[in-house]
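J.: Structure for this input, please:
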Amino acid sequence: MSAGWRHVGGYRLRLGLAFATVVLLALGIVLATLPRLLDDYLRRQEATSLDARAASVARLVADEIVGRTTTGQDFQRAILMETLDPLGPSDTLVSALGSSEDGFVADLTRDIALADIHVEIFESPEAQTAGGSPIYRLDATLPSDQGGTGQQREEISTSRTEVVRDTYWTQFVGATPRRPVVVTLERPFTSRAQTLQTIDQVLLVAAVSGLAAAGFVSLVLTQWLADPVRRLIRAARHLADGQLEERVSLPATAAPEVTELGDAFNQMAERLGESISIISADRDRSRDFVADVSHELRTPIAALRTFNELLRDGAAEDPETRDEFLEQSARQIERMEWLATNLLELSKLDSGLVRLDLRSEDLRGVVENAFQQAEPVAGRKGVTLTVAVPPDPVPLPHDPPRIGQVLTNLIGNAIKFTPRGGRVHVELLTASEGSRITVSDTGVGIPAEELPHVFERFWRGAGTRERGSGSGLGLSIVKSIVDMHEGRIQVLSTPGVGTQVTVLLPRSVSVSSPPTGSA
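T.: I've put the predicted structure just below:
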């Protein structure tokens, strides 16, 4: 198994464990808190229900006491007998409420209270408040067989007090006493424990089911997240191994962030490939450049060495021979100086050290100035040089010295390769996209198979009559300067008929430095 697969497997494992941990933590919190919350809620519900039943039972007991002790308008019976010593309940009260096993209160335990009932009657509210003992007490216990299925006794209680007025058939004067009747319900049967047990079982089943579902979902999610990562790792390793054409392909279902990462990776790989291609091309060009320079310098150096040896061996004694050798040496030195100057110029153009000084000036001035400089050279060689410019100004953003250098090289080449009696014509025209400068001659021309190479460094046509002249860098410099102006240059030529070079300069220039690889 490769390191990439191991990393992806570990990543998937960590994702799965993290997801499972989150799920387990959430389930643990639910299982730890929900039963407690439900228990408190059910306790409150049972207490509320018991309190309501206590209020109903207290009301019923009070009504039963009042109803039994008031049987007619002319005859009333007492609740408590003051004639007793000590004070105690009347027979009417005992008969009304019954005993702990049978009677009115015992029936209430089974029918309404569903709990044990304790009935207490105090002599007065003051005695109750002072914590005195009740004058009467009746305890009715709910039978154990009255609980429903799953119900259990709950250790809770609640009390309600009803105050009734007592009239004495033995007392005809004085205030009617008030008797507090306290009804207490306790230890009712409830389903709280059974309900909690059922909820715990349901929660446990839900937790197990949720954990199983979470495990399945975690597998799907980790696969969904890990597969793009695996593809990125594989593409990165291929890219590191030199496979610059490698690109990562992510599924359409990948997360947006991962898709964005994949796009960024592909853009990086694309730019890296372009950079490597540029570096490789520049390296090859530099190697060829050094080889060409070495080749170009070898000829003048060899000639100078030969002339020097001949002069040292005695040729200097002959004045004519000495003068010829010195003249040839001067030509070779001039050639080396011209070569060094052009190499330095081309190096500055390619390296971006040269910045254009763009001016929106009349382009006719540059054309006419280049024509005037070349006119004496053409006259000495016997070549007719003509120029044609528009009558109106041609304002165009350009660097006058650089465009002048372009025209000087183009006109100089045209004159150089045009025989005596030939013609060289320079023309400036305005076009919709900018301005067009054309330099045409009636010279020897360039074969079609050589046209693609005319802008290469050190290239000189194999069929020219003056193959040994020039550095082969002039047109490379021209091409670099035209590219700096974001223009285009085109060469049309027919051997034996002539050559036409056209330079198109745009109306606007957005850069001021030469593009990479302009040669």
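J.: Show me the shaky parts of the stretch 101-250 of the chain.
T.: Low-confidence segments of the stretch 101-250 of the chain, defined by pLDDT under 70, span residues 167-175, 225-226.
J.: For it, just list every one of the helices.
T.: 104-108, 125-129, 192-240 (DSSP state H, counting those that start in this stretch).
J.: Looking at those, which is nearest to residue 360?
T.: helix 192-240 (47.1 Å; C-beta to C-beta). Bear in mind the C-beta positions are built from the backbone N, C-alpha and C, glycine included.
J.: any idea of the angle the helix or strand following the closest one forms with helix 192-240?
T.: Taking DSSP states H and E as the definition, the helix or strand that follows helix 192-240 towards the C-terminus is helix 256-312. For helix 256-312 against helix 192-240, the angle by axes from the mean of the first three to the mean of the last three C-alpha atoms, to 10 degrees is 20 degrees.
J.: How far off centre is helix 256-312?
T.: 39 Å (C-alpha atoms, centre = their mean, to the nearest Å).
J.: Tell me which other helices or strands it touches.
T.: Where contact means 3 or more C-beta pairs under 8 Å, 6 or more residues apart in numbering; DSSP states H and E, helix 256-312 is packed against helix 192-240, helix 319-351.
J.: right, so of those helices, which gets closest to residue 367?
T.: helix 319-351 (21.3 Å).
J.: which residues touch the helix or strand that the closest one is followed by?
T.: Downstream of helix 319-351, the first helix or strand assigned by DSSP H and E is strand 359-362. Applying C-beta atoms under 8 Å, 6 or more residues apart in numbering, the external contacts of strand 359-362 come out as 393, 394, 395, 396, 397, 398, 399, 400.
J.: Adjacent strands (with direction) for strand 359-362?
T.: If you go by DSSP bridges, strand 359-362 pairs up with strand 395-398 (antiparallel).
J.: quick one: average confidence on the partner strand?
T.: Strand 395-398 carries an average pLDDT of 90.
J.: Buried residues, that strand. List them.
T.: Within strand 395-398, the residues that qualify as buried are 396, 397, 398, counting by 16 or more other C-beta atoms under 10 Å.
J.: Pipe those into TSV and attach distance to residue 274 per row.
T.: Below are these laid out as TSV (distance: C-beta to C-beta, whole Å):
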residue	distance to residue 274
396	32
397	29
398	30
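J.: closest to residue 140 among the residues you listed?
T.: Nearest member of these to residue 140, counting by C-beta to C-beta, is residue 397, at 113.7 Å.
J.: Tell me what angle the longest helix seen in the chain forms with helix 192-240.
T.: In the chain, assigned by DSSP state H, the helix with the most residues is helix 3-69. Counting by the same axes, to 10 degrees, helix 3-69 lies at 160 degrees to helix 192-240.
J.: Tell me how far the very next helix or strand once past helix 3-69 lies from the chain's centre.
T.: Counting by DSSP H and E, the next helix or strand C-terminal to helix 3-69 is strand 80-81. Chain-centre distance of strand 80-81: 90 Å, with C-alpha atoms, centre = their mean.
J.: Which strands and helices lie in contact with strand 80-81?
T.: So strand 80-81, by 3+ C-beta pairs under 8 Å, 6+ apart, packs with strand 88-89.
J.: immediately after the strand it packs on, which helix or strand?
T.: Criterion used, DSSP H and E; the element after strand 88-89 is helix 91-97.
J.: How about residues contacting that following helix?
T.: So helix 91-97 is contacted by 61, 64-65, 67-69, 77-80, 103-105, 119, 121, 136, 138 (C-beta under 8 Å, 6+ apart).
J.: Go ahead and confirm residue 194 touches residue 148.
T.: No - taking contacts as C-beta atoms under 8 Å, residue 194 lies outside contact range of residue 148: 9.3 Å.
J.: For the contacts of strand 359-362, give me JSON lines that also has distance to residue 434.
T.: Output for the contacts of strand 359-362, formatted as JSON lines (distance: C-beta to C-beta, whole Å):
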{"residue": "393", "distance to residue 434": "15"}
{"residue": "394", "distance to residue 434": "10"}
{"residue": "395", "distance to residue 434": "11"}
{"residue": "396", "distance to residue 434": "7"}
{"residue": "397", "distance to residue 434": "10"}
{"residue": "398", "distance to residue 434": "10"}
{"residue": "399", "distance to residue 434": "15"}
{"residue": "400", "distance to residue 434": "16"}
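J.: Greatest separation within those residues: which pair is it?
T.: 393 and 399 (17.8 Å).
J.: Show me which of the two is the more surrounded one.
T.: Using other C-beta atoms under 10 Å, the more surrounded residue of residue 393 and residue 399 is residue 399, with 22 against 12.
J.: Look up how far residue 409 lies from the more buried one.
T.: As defined by C-beta to C-beta, to the nearest Å, residue 399 lies at a distance of 15 Å from residue 409.
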